[in-house]
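Novice: Quick one: sequence plus predicted model below, questions after.
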Amino acid sequence: MTHSFENLPNKDILIKKLIEMIPQLQKRFQSEDDEEKEWLLQNCSNPLIIDFLQDSTVMMLHVIDAIGQLEPVNGTTISKHFGIPKGSVSKITRKLVQQQIIRTEFLPDNKKEVLFLTTPLGKEIFVLHQALHHQMNKGINRFLQRYNADELLFLIQAFEDTLEASWVHSESVAEEELLNAGESLEGMDNDEMSQIVDMLNQLDTRNLKKAKVILQDVFFTSFE
């Protein structure tokens, strides 16, 4: 997929258009949840699972998916690995135990730590949910095939920047980053700077991406 950059609208107009599309994307993702549940129901023949799916939430399916992948697993690990609040994990696991979707066991030397595992019914739900993800991944792959490599690299960069951005404090954060960058460059020799820029200019888009990752890992990531 290619785009013509002739007669492009004003940058502010494009930004305004993107901002206006955010609520539309939110609604689209919400409707996607309904589509996912519909697919699960259509591809299930077990009446017990059909009854469960009709009343289940997306978060409940995520917890089952987490347990199915990591079992035996405790609530803290589920929370950390999948970004689900601890309170939600506790509430959902209690309900799933009552519904006999998951079961609990304890470590021999630590009766306070509860570990969660899927029951046969829960395992069946987990496998069905994994099949849904496989179906979705095929659809996502087909969708993204319309973009060329440079466009995909741009999307990756945009998503990465979005994950790190703060819409509330964006101006102050940007000013601080510019200030820090200026302080870092003050002591650099002009020749060294020119050499670095020359080397970067020789790289294509893909290798620039690799260079950024290397610089991020070596100089800007703390492993403490």
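Specialist: Done, it's in. Numbers count the residues shown, from 1 in each chain.

Novice: what about the closest residue to Val63 other than its chain neighbours, neighbour count?
Specialist: Excluding the flanking residues, the one nearest Val63 by Cβ to Cβ, 6 or more residues apart in numbering is Ile92, at 4.8 Å. Bear in mind the C-beta positions are built from the backbone N, C-alpha and C, glycine included. Neighbour count for Ile92, taken as other Cβ atoms under 10 Å: 23.

Novice: and Ile92, what does it touch?
Specialist: Ile92 is in contact with Met59, Met60, Val63, counting by Cβ atoms under 8 Å, 6 or more residues apart in numbering.

Novice: Now with 10 Å, please.
Specialist: By Cβ atoms under 10 Å, 6 or more residues apart in numbering, the residues touching Ile92 are 56-57, 59-64, 75, 78, 84, 101-102.

Novice: State the phi and psi torsions of Ser45.
Specialist: Dihedral angles phi and psi of Ser45 (degrees, to the nearest 10) take the values phi -110, psi 0.

Novice: quick one: the residue nearest the centre of the chain from Gln157, how far?
Specialist: With distances taken as Cα atoms, centre = their mean, Leu163 lies nearest the centre of the chain, 8.9 Å away. Using Cβ to Cβ, to the nearest Å, Leu163 is found at 11 Å from Gln157.

Novice: Then Asp109?
Specialist: The gap separating Asp109 from Gln157 is 48 Å, by Cβ to Cβ.

Novice: of the two, who's got more company?
Specialist: A side-by-side neighbour count of Asp109 and Gln157, using other Cβ under 10 Å, places Gln157 first with 13 against 6.

Novice: what separates that one from Leu132, distance-wise?
Specialist: Going from Gln157 to Leu132 by Cβ to Cβ gives 29 Å.

Novice: And for Gln145?
Specialist: From Gln145 to Leu132 the distance is 21 Å (Cβ to Cβ).
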